[in-house]
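predicted model and sequence follow; I will ask about them next.
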Amino acid sequence: MPKSGVQISYQRFLGDSASGIVLFVFILLAIFYRTPLFGYVVPLDIATAPEKPLLALAFLLALLLSPVGLFINSISYMVLGRWEKRAVNLFLSSEKYGVENLLENHFFHKWKNFYDVNEAGLNGKPILWYGYFEVVNSLFALYSRPLLEVKSHILGVAQFARSIAFLVSLVFLNLVVNSVVVEGYFNFSEFILYCSILVFCFIVLMYAVGFLAVYAAVKIFSLTYMLLVTAQPKLTEKTNLSTDECMRHYAKSAGNIVS
């Protein structure tokens, strides 16, 4: 192991490890305040627990932060990824919801017809902006790592916000289970209040996820467009280029691009 320790990018930290830290903080707070976790009260009193077992437990939790965070990131993508893609497609198709300045500053009106965003996805269904961005993004991971760095931090924050939104939904589910199973009664007014707060937080987080994903997509699309038309000015006359055509033009001009 190097003297500087294990190196981890802040995108990986935000996308993976940070959500694991938040989950363990939630669990520790629940244990400390004797709050049931899905109807189960953890039989551990931190205030009176022996010091050495607590240190061993803390060390074990520290080792599990990254894999647990990666698991949360993956699950949140499977559960909320569809809504994330819909948010991005909605933002870019309507050019509203607070992204007008972003699109204007990145000359969205000049290059939005340059890419074939309706290129067929699975089962012949159009994948639209975010799906096309994921295709281009994965290809640039092979062709140009420096180009990916212009938006890696943005995607890291978006992944973190998506994971937190997923954890908020777990808190909501835990609230429902505790109200019905543990307390044995259903306080409607209190339940509506907590649900309103959690739903509001969830919507705000998902908006942040969609906006940040739009920001990352716009940056990579606009930068790719500028690099291509700078090296090959005639490309400004073309529209609806497929992924293969974009990558072919990019590969031809890559030797003239200084990263």
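Happy to help now that I have it. Numbering: from 1, shown residues only.

my read is that residue 76 contacts residue 162, right?
Yes: assessed by CB atoms under 8 Å, residue 76 is found in contact with residue 162 at 4.9 Å. Just so you know, the C-beta spots here come from the backbone N, C-alpha and C atoms, and that holds for glycine as well.

okay, the two: which has more neighbours?
Neighbours were counted for residue 76 and for residue 162 using other CB atoms under 10 Å; residue 162 has more, 28 against 23.

pull the contacting residues for the more buried one.
Contact analysis of residue 162 by CB atoms under 8 Å, 6 or more residues apart in numbering lists 73, 76-77, 80-81, 84, 205-206, 209.

cutoff 6 Å now
Counting by CB atoms under 6 Å, 6 or more residues apart in numbering, residue 162 touches 76, 80, 209.

right, and the helix or strand after the helix or strand that contains it?
Taking DSSP states H and E as the criterion, residue 162 maps to helix 152-177. Beyond helix 152-177 on the C-terminal side, the first helix or strand identified by DSSP H and E is helix 188-231.

please report how far the spatially closest residue to residue 194 that is not a sequence neighbour lies from residue 169.
Among residues not flanking residue 194 along the chain, residue 175 sits closest, at 5.6 Å (CB to CB, 6 or more residues apart in numbering). As judged by CB to CB, to the nearest Å, residue 175 and residue 169 stand 11 Å apart.

ok, these two, which is more surrounded?
It is residue 169, of residue 175 and residue 169, that has more neighbours when counted by other CB under 10 Å, with 18 against 15.

measure the more buried one to residue 243 for me?
Distance, residue 169 to residue 243, by CB to CB: 34 Å.

same check, this time on residue 163
Between residue 163 and residue 243 the computed distance is 28 Å (CB to CB).

who's more crowded, these two?
residue 163 (30 against 15).

where does the stretch 151-259 of the chain dip in pLDDT?
For the stretch 151-259 of the chain, residues meeting the criterion pLDDT under 70 lie at 181-187, 254-259.

can you rerun that using 90?
Low-confidence segments of the stretch 151-259 of the chain (pLDDT under 90): 151-161, 168-259.

contacting residues around the closest residue in space to residue 154 that isn't next to it in sequence?
Distance criterion CB to CB, 6+ apart; nearest residue to residue 154, sequence neighbours excluded, is residue 216 at 4.3 Å. Taking CB under 6 Å, 6+ apart, we find residue 216 in contact with 151, 154-155.

one more time with 7 Å
Residue 216 is in contact with 151, 154-155, 158, counting by CB atoms under 7 Å, 6 or more residues apart in numbering.
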